[in-house]
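Structure for the following, please:
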Amino acid sequence: MYVVANRVPVAAGWEQAFEERFRQRAGRIEQNPGFIRMEVLRPADEESPWIVLTHWESEDAFRQWLSSDDFKEAHNNPLPHEAYTEEGRLERHEVVIASDGAATK
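Numbers count the residues shown, from 1 in each chain. Modelled structure (predicted):
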């Protein structure tokens, strides 16, 4: 599995607009081959960035999404520059170990 973490430093006052952009697109990324899951994480404190996690079957599936019409549409008409306190940071990872609570129930 391939996981992409997008760390987004959203400026005060723009949190609702940022979250709403993902609510409006709910259900669209799921149509892409190799997509597994997306999580949008709201920070629990003022110092932490928002984090958008996408899980893919492979790096290739993620790269295919990057060149898709869906990606272009999702990133069309972005929030203004002042909605962010600084540049975001994209991190890419391959899962080597995974665990969940299902095994303990």
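
Could I get the full set of strands for this protein?
Assigned by DSSP state E, the strands in the chain fall at 2-8, 35-41, 50-56, 89-94.

Make JSON lines out of those and add mean pLDDT and distance to L79.
Using the backbone N, CA and C atoms, a C-beta is placed for each residue, glycine as well. Supplementary listing: these in JSON lines, determined by pLDDT from 0 to 100; distance: least, Cβ to Cβ, whole Å:
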{"stretch": "strand 2-8", "mean pLDDT": "98", "distance to L79": "10"}
{"stretch": "strand 35-41", "mean pLDDT": "95", "distance to L79": "14"}
{"stretch": "strand 50-56", "mean pLDDT": "97", "distance to L79": "12"}
{"stretch": "strand 89-94", "mean pLDDT": "96", "distance to L79": "17"}
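
okay if I get these as TSV plus mean neighbour count and distance to K72?
Shown next, in TSV, are these (neighbours: other Cβ atoms under 10 Å; distance: least, Cβ to Cβ, whole Å):
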stretch	mean neighbour count	distance to K72
strand 2-8	18	16
strand 35-41	14	16
strand 50-56	19	16
strand 89-94	11	17
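
Using PDB, list the CA coordinates for the helix or strand of the chain with the lowest mean pLDDT.
In the chain, the helix or strand scored least confidently by mean pLDDT, DSSP states H and E is helix 69-74, which has a mean of 86. In PDB, the C-alpha atoms belonging to helix 69-74 read as follows (Å, rounded to 0.1, in the frame of the first residue of the first chain):
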ATOM      1  CA  ASP A  69      -9.100  14.800 -15.100                       C
ATOM      2  CA  ASP A  70     -10.400  14.200 -11.500                       C
ATOM      3  CA  PHE A  71      -7.100  15.500 -10.000                       C
ATOM      4  CA  LYS A  72      -7.200  18.600 -12.300                       C
ATOM      5  CA  GLU A  73     -10.800  19.300 -11.300                       C
ATOM      6  CA  ALA A  74     -10.000  18.800  -7.600                       C
END
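
With respect to E19, which of the strands of the chain lies nearest?
strand 35-41 (6.9 Å; Cβ to Cβ).

got the contact list for that closest one?
Contact with strand 35-41 is made by 1, 19, 22, 29, 50-57, 61, 65, as judged by Cβ atoms under 8 Å, 6 or more residues apart in numbering.
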